[in-house]
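Student: Mind folding the following:
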Amino acid sequence: MRYDVAIIGAGPGGSTAARLLAGKLSVLLIDPKSDAPGSFQKPCGGLLSPDAQRSLARFDLTLPRDVLVDPQIFSVRTYDLSSMLVRDYQRFYLNLDRRRFDRWLMELIPPGVDRLEGRAAAVRREADGFSILCRMPGGAEQTFSARRIIGADGAHSAVRRCLFPGHRARRYVAVQQWFEREDQHPFYSCIFDPEAGDCCSWSISKNRWFIFGGAFSPQDCRSVFEAQKERLARCFGFVFGTPAKTEACEVLRPRRLGEICYGDDGALLIGEAAGWISPSSLEGISWAFDSARVACDALLGGPSQTGNRYRKNTRRLRLRLAGKLLKTPVLYDPLPRRLIMRSGLRSIRTVSDARQCGK
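Tutor: You can find the predicted model right below:
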């Protein structure tokens, strides 16, 4: 069967695109995840940002309770290892089980969308569309064809790699470990550590788990990650223990608007496959939702000028990304960050702060 659209990747962007196109076009959704234990291995803190909450509201969607996990935390504890400052700031994230969240988004897809458990190993242009070589569980290979394609397959996108090989974007490796803890006081943190690189790290409590991760330059990323854990244990009393599991994946982090890969009339890229991700926080779920919506509108607008429509209609996304790009130096340059944290501007003074100060 030849499909109107093949969507590669069933994360928030791919699932949203499949839901919006269902019943309008014939759709094939390709993703390697399954319900088998361990099939979802993505270093993600699993927090739903206010922007992502707003995107769900635009779709008139409400979040089921079984997607949420304990605890719900109302502040982020910010650690600056260059100045040894710690501040708490109010934030309004929802704490999620990321695997359940992705599964719920898949369940929202109406009948009629064909789903394939497999990994797109190669994508090739044909005279009247695309062929997709898929590697199935067990190693078998199968080829599918589609008139159009949506790349929603993350930072290490096969669609971008095969169809737009000249595109270059700044890459990091996200490393995350899970620690089983019953006695840890739950908190969410953001960690700035110039010795570990120019990006950030994070921790989050999730049910009985304490999760710690960060994004690092690909070179020696694991040793840098372990060295950062040692500094946090020595300087701030972090307790890690033996990790129950370790996850890693590639992460994109745009430095300028020109690093976004939109695609063309036949192939559109959405979410992190295109580079839509916040350079200041690495939050990507809201960008996946919003770029999927814009891409589907472009596809349904007619067979010609699809790529131009997509690029034109991402104007709000580009403006938002430009704002994040302006914000990033303020957060990641040690001097302005130190000045802001020392001022205590918009920070929360907790009871534990008072106790630590002997007051």
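Student: make it CA atoms for all contacts and neighbour counts henceforth
Tutor: Noted.
Student: Okay, and the beta partners of residue 126?
Tutor: For residue 126, the beta-bridge partners under DSSP bridges are residue 129.
Student: Equivalent analysis for residue 210, please.
Tutor: Legend: beta-bridge partners of residue 210 under DSSP bridges are residue 179, residue 205.
Student: roughly how far apart are it and residue 261?
Tutor: Between residue 210 and residue 261 the distance is 35 Å, computed by CA to CA, to the nearest Å.
Student: which residues of the stretch 201-350 of the chain fall in helices?
Tutor: The residue ranges that make up the helices of the stretch 201-350 of the chain, judged by DSSP state H, counting those that start in this stretch, are 221-236, 271-274, 285-300, 306-313, 315-332, 334-343.
Student: mind checking which of the ones you listed is nearest residue 120?
Tutor: With distances scored as CA to CA, the stretch of the helices of the stretch 201-350 of the chain nearest to residue 120 is helix 271-274 (13.5 Å).
Student: just checking, what packs against that closest one?
Tutor: With contacts taken as 3 or more CA pairs under 8 Å, 6 or more residues apart in numbering; DSSP states H and E, helix 271-274 sits against helix 285-300.
Student: Show me the shaky parts of the stretch 151-300 of the chain.
Tutor: Within the stretch 151-300 of the chain, the stretches with pLDDT under 70 are 182-184.
Student: at 50 instead, please
Tutor: Low-confidence segments of the stretch 151-300 of the chain (pLDDT under 50): none present.
Student: Excluding covalently adjacent residues, which one is nearest to residue 105?
Tutor: Take residue 105 and drop its neighbours on the chain: the residue closest to it by CA to CA, 6 or more residues apart in numbering is residue 15, 6.1 Å away.
Student: Surely the one you found touches residue 103?
Tutor: No: between residue 15 and residue 103 no contact is recorded; they are 9.3 Å apart, counting by CA atoms under 8 Å.
Student: So between the two, which is more surrounded?
Tutor: The neighbour comparison of residue 15 against residue 103 (other CA atoms under 10 Å) goes to residue 15, with 27 against 18.
Student: Pull up the per-residue confidence for the more buried one.
Tutor: Residue 15 is assigned a predicted lDDT (pLDDT) of 98.
Student: Relative to the whole chain's centre, how far out is whichever helix or strand it is part of?
Tutor: When elements are defined using DSSP states H and E, residue 15 is found to belong to helix 12-21. With CA atoms, centre = their mean, to the nearest Å as the basis, helix 12-21 stands 15 Å off its chain's centre.
Student: The next helix or strand after that helix pairs with which strands, and in what direction?
Tutor: Per DSSP H and E, the first helix or strand lying C-terminal to helix 12-21 is strand 27-31. Each strand paired with strand 27-31, and its direction, by DSSP bridges: strand 2-8 (parallel), strand 114-117 (parallel).
Student: from these, which stretch is densest packed?
Tutor: Across the strands paired with strand 27-31, averaging neighbours per residue (mean count of other CA atoms under 10 Å) puts strand 2-8 on top, at a mean of 23.
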